[in-house]
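[1] Got a predicted structure here, sequence first:
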Amino acid sequence: MISSLALIAAAAPPEGSGLLGFNFPALIAQFLCFLLVFFILKKLAFGPIVAQLEARRRTIEEAEANAAKMKDQLSLAEDKVKEMMAEANDKAQAMIDEANATAEKFRTQKQESALGEAQQIVEKAREATRLEREQAMADLKKDFSRLLIASTSKVTGKVLTEEDKNRLNQEAVAEI
């Protein structure tokens, strides 16, 4: 078919025998050749090129969609990490507060225990002082009575009987 079109184009008279110098049979032959080459190129070249461009476009769209999806996932992961960090900080602060409260409670208990022990020591010291004072007073009364009896027997010059000694002791104790 191409060869017949080429023959038609070659058989046409070279010099313009038509309107306005157009050679219509050559023009039609060139137009038919152009259409034939166009359809061949469309079938063999343009189709695969367009298909390849379409595949590339889809690949790029998928890559952009995946990038957007990854960006969203990254944002969610960052938010989750921030949330986990905040939760961990809250737990750590709660543990610190609990430890401080326990330490304060322990300190208060020890302080109260020490205060109670100190009060017991003071009470024991008071009791010991009272007992020592009573003992000293008893010793003082005995010594005073003994001295009184000895001085009375020297002043009077006579030996006192047991009854006299008891009476003088009672009088001396009553005066003290």
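    Perfect, I can see it now.
[2] For the chain, name the helix or strand with the lowest mean pLDDT.
    helix 2-11 (a mean of 52; mean pLDDT, DSSP states H and E).
[3] so after that helix, what's the next helix or strand?
    Remark: after helix 2-11, the chain's next helix or strand is helix 24-41, criterion DSSP states H and E.
[4] which parts of that following helix are buried?
    For helix 24-41, a neighbour-count test (16 or more other C-beta atoms under 10 Å) marks 26, 29, 32 as buried. From N, CA and C alone the C-beta is placed, and that goes for glycine too.
[5] and that helix, what's its mean pLDDT?
    The average pLDDT within helix 24-41 is 93.
[6] Please save the CA atoms from it in PDB.
    Presented in PDB, the C-alpha positions along helix 24-41 are these (Å, rounded to 0.1, in the frame of the first residue of the first chain):
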ATOM      1  CA  PHE A  24      -4.100  17.600  -4.900                       C
ATOM      2  CA  PRO A  25      -3.200  14.000  -5.600                       C
ATOM      3  CA  ALA A  26       0.300  14.500  -4.000                       C
ATOM      4  CA  LEU A  27      -1.300  16.300  -1.100                       C
ATOM      5  CA  ILE A  28      -3.700  13.400  -0.500                       C
ATOM      6  CA  ALA A  29      -0.900  10.900  -0.900                       C
ATOM      7  CA  GLN A  30       1.200  12.700   1.700                       C
ATOM      8  CA  PHE A  31      -1.800  13.000   4.000                       C
ATOM      9  CA  LEU A  32      -2.400   9.200   3.700                       C
ATOM     10  CA  CYS A  33       1.300   8.500   4.300                       C
ATOM     11  CA  PHE A  34       1.100  10.800   7.400                       C
ATOM     12  CA  LEU A  35      -2.000   8.900   8.700                       C
ATOM     13  CA  LEU A  36      -0.300   5.600   8.100                       C
ATOM     14  CA  VAL A  37       2.900   6.600   9.900                       C
ATOM     15  CA  PHE A  38       0.800   8.100  12.700                       C
ATOM     16  CA  PHE A  39      -1.300   4.900  13.300                       C
ATOM     17  CA  ILE A  40       1.900   2.800  13.200                       C
ATOM     18  CA  LEU A  41       3.600   5.000  15.700                       C
END
